[in-house]
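Chemist: structure of the sequence below:
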Amino acid sequence: MSSKLRDLIKTVRSCKTAAEERSQIAKESALIRTAMKEEDIESRQRNVAKLLYIHMLGYPTQFGQMECLKLIVSPSYADKRIGYLGLMLLLDEKQEVLLLATNCIRGDIMNPNQFIVGVSLCAFGNICSTAMARDISPEIEKVISHSNPYIRKKAALCAIRVLRKVPDLTENYIPKIKALLSERNHAVILTALTLIIEICEMDSTQIIHFKKMVPQLVRILKSLTSSGYLPEHDIGGVTDPFLQVKILRLLRILGQNDPEASDAMNDILAQVSTNTDSTKNVGNAILYECVQTIMTIESENGLKVMAINILGRFLLNRDNNIRYVALNTLSRVVNTDIQAVQRHRNTIVECLKDPDVSIRCRALDLIYSLVTESNIRVLVRELLNFLLIADAQFKSELVAKLCIVTEKYAPNKRWQIDTILRVMSIAGNFIPDEVPSNLIQLISSTPELSSYAVQKLYLALKQDITQQPLTQVGLWCIGEYGDLLVADKSQLPKDEEGLSLNVSEQAVIDIIESIFRHATTTQATRQYSLTSLAKLSSRFSQSSLQRIKTMIDNYKQNINLELQQRACEYSTLFDFDKKASILDRMPPIEKQEESPHVGNKNIPTQTPPQQHYNQQPQQQQQQSQQQSSQFGSILDGLDSPTQTSANSGGNNNNNNNNNKQGGNAMSLLEDIFGSAPTPTSNNNNNMNNMNNNYGMGGMGNMGGMVNNNNNNMGGMMNNNNNSNNNRSQASALLDIMGDLQLTPTPTQQPQQQQPQQQALSPTNQSSVLQPVPQPLTFLVYQKHGLNISYECSKPQPNNLSLTNINMVITNTGSSPITNFSLQAAVPKYLKIQLLAPSSTVIPPNNSGEVTQVSKVLNSQQGQKPILLRLKLDFQINGQPFSDVPDTPLPSLF
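Modeler: All right, here's what the predicted structure looks like:
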């Protein structure tokens, strides 16, 4: 015979190890199983009670589920109580065994014994499944009107479970609910309000049925606030705060976007806000719900100000929970009446000094919302003081938001520059990547402050060169405006604001040299330093030139390939006659837009080609544009690696990835479509056009001046070698592509341009012996009424690597397809030339067709097939559609 529950608890508690406890539980479980097999009715209740204790300890007790069902069918209330308790703990709504209990629960709900009805309703409300809810819902509707309030309140709670499982039954309960609000029993009213709130949250269209109940709810709330002491409902000197909170929550739902209902609530809300005691926690709970209701409904402005003042009083409370709730609520309502929130600005700022980290976070978020043009100086000063003592986890986000509000509300550019420099000097290395680049853009776009900014940064570098972001910005400015730094300040224009510092060229070079040698200097900062020295070589006098060249030459054999490459390129510039124009000061940097996001991935965007200072002839510009426009662009939706083209300026260090690619130096983007041309002069413009025609944008720098460094002080490091070197190296590169022939026109020898028809037609001797496939037409895409067919052919019998694909697009739907766009991408062993479609509108019902021609060059003809991945974008009746299908060609092509 098994032991009593009390003995089991003592035995388990006396176990000294987990293994001993498991052993005792295993023995007791074995005894319980034996008793179940013997159908020991007398010990069944005790065994289930012990199973519940074992279940609480975390041991498996599934074998006792049937014993629970046997107990609930017993006529004894004691057995039913243990049986239903075991049913709630050992089973859930997903158990098939629960179906056996449906009839028993239905019968117990209609039992004359209120206690049996109570335990059955309690079990039903906890484990009811969808099927059980449909079966027992009629009984719940009956007992919800029971004469006993004890049963009515439990039935109302069960109705919530029924409606969550079967929302279609809502209409059956609405007439029953209205009668519950007329009850005098507070428990029944509370459960009825809970049921109404659940219905309104599940289906907002049902709110209209309860709008007429607003006056009744106002009367109930008024009676609670004005009634005297009621011992049975008094909690902390407040009459039934739970019911008051529930009424306020329902009023908030009913009064939202309803001026008439809101007007009926204004008086009682003002009364609750005024008369509720805020010295106790129960009073604060009611006031908080009252504030939530006032700010949600269409209340009067004076009432909203009162609500914000209540939240202001919450900020003075010593309880951190109340202060957190106040800050969180103020952050949500600050846009409703910012002037009322501004009155509590000092209290909010004081929360920045709170030892609780969650309070500081909420206060920071709220302060950002309070910043305006009138208080920007005061609040930024407070935020800078907080930045001095802020934890490391806050600094990065704090710096970013400080720079955002500074940029948005700065009274002038000079104050903005001073503030951002102060932020960077305090934050150290906890600076987001966008802050230095935004500061560089600000300085370059404000030429009247160039002298002032470079002198401020020079002073900052003299004090500390260990902060890498600030050091990088300083190096950039010294490189761009070093001549202003060392110039005689008395000779500056009147509109040029400066600090009148007397700085020598050698002092500037000394600082850069100290940055090179410092142990904390990163490789990226050394790259900035090299570029800054290269820039200064065209800004400083000849006496400093040799020292600059020596410092650059020291890095020509550096172990870091990026530094070595920069040093070699910059050193070569010293022999160029056009060095000064190459290293000329950058034009103002335009703020770049964010890259598009596709599938939570940042896809780099192509920057437009740089414009050279020497204007091209109009005819040459048009020809270059026509050639480049005939190539498709890589698609954002393709999961192919892309490469950002050279930036137009700035010391952005994004170039290390290119050096690590090795043989894959040309990205998929450039392999497929070629990069945009970068004209530098009339002498080498022909090479850029040729590279675009052959999809060799990644090889555009023929003269050894590699243009894949985004931080090369203005993007001036283009191909400036002489024409002979350009032609010889271009020929070597073209040999890689299959012995392409360069035939310059007799009239324009410097401008070698291939005819467009020969752009993808290299001679391939190996393909002569292969049979020429016959032209073939086949369907590759059919969806949304859009049909795409390929008409494939080989235009040159002696060059089977070239394939012409005429894409025929038709529309079988009843509505026209508009804004049609087709783009294509191919693997690296293929090169594609994609012309524009004949139209962007496809007529319906096959009444017309749109064609788009493409040419594909297969460098592994006969070994690998042709595969096109299309990017389709179009609209039907204004609804946008997008798709990315793969369209392989037959192997014979």
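Chemist: output the below-cut-off pLDDT ranges for the stretch 1-150 of the chain.
Modeler: Counting by pLDDT under 70, the stretch 1-150 of the chain has low-confidence residues at 1-2.
Chemist: could I get the full set of helices for it?
Modeler: 5-13, 18-37, 44-57, 65-72, 77-90, 102-109, 114-127, 130-143, 149-165 (DSSP state H, counting those that start in this stretch).
Chemist: just put the ones you listed in a markdown table and tack on distance to Phe430 and mean neighbour count.
Modeler: Backbone N, C-alpha and C define where each C-beta goes, glycine included. Formatted as a markdown table, these follow (distance: least, Cβ to Cβ, whole Å; neighbours: other Cβ atoms under 10 Å):
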| stretch | distance to Phe430 | mean neighbour count |
| --- | --- | --- |
| helix 5-13 | 52 | 13 |
| helix 18-37 | 46 | 15 |
| helix 44-57 | 48 | 19 |
| helix 65-72 | 57 | 20 |
| helix 77-90 | 51 | 21 |
| helix 102-109 | 61 | 18 |
| helix 114-127 | 50 | 21 |
| helix 130-143 | 53 | 18 |
| helix 149-165 | 47 | 22 |
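Chemist: just put the ones you listed in JSON lines and tack on distance to Leu868.
Modeler: Shown next, in JSON lines, are the helices of the stretch 1-150 of the chain (distance: least, Cβ to Cβ, whole Å):
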{"stretch": "helix 5-13", "distance to Leu868": "70"}
{"stretch": "helix 18-37", "distance to Leu868": "64"}
{"stretch": "helix 44-57", "distance to Leu868": "62"}
{"stretch": "helix 65-72", "distance to Leu868": "60"}
{"stretch": "helix 77-90", "distance to Leu868": "60"}
{"stretch": "helix 102-109", "distance to Leu868": "60"}
{"stretch": "helix 114-127", "distance to Leu868": "57"}
{"stretch": "helix 130-143", "distance to Leu868": "49"}
{"stretch": "helix 149-165", "distance to Leu868": "51"}
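Chemist: and these: which comes nearest Asp464?
Modeler: helix 18-37 (57.0 Å; Cβ to Cβ).
Chemist: same for that closest one, what does it pack against?
Modeler: Contact analysis of helix 18-37 by 3 or more Cβ pairs under 8 Å, 6 or more residues apart in numbering; DSSP states H and E lists helix 5-13, helix 44-57 as its packing neighbours.
Chemist: let's see it at 10 Å
Modeler: helix 5-13, helix 44-57, helix 65-72 (3 or more Cβ pairs under 10 Å, 6 or more residues apart in numbering; DSSP states H and E).
Chemist: follow-up on the earlier one: of the helices of the stretch 1-150 of the chain, which is nearest Val334?
Modeler: Ranking the helices of the stretch 1-150 of the chain by distance to Val334, with Cβ to Cβ as the measure, places helix 149-165 first at 34.8 Å.
Chemist: and the next element down the chain from the closest one?
Modeler: Moving toward the C-terminus from helix 149-165, the next helix or strand (DSSP states H and E) is helix 170-180.
Chemist: between that following helix and helix 149-165, how big is the angle?
Modeler: 150 degrees (axes from the mean of the first three to the mean of the last three Cα atoms, to 10 degrees).
Chemist: thank you, goodbye.
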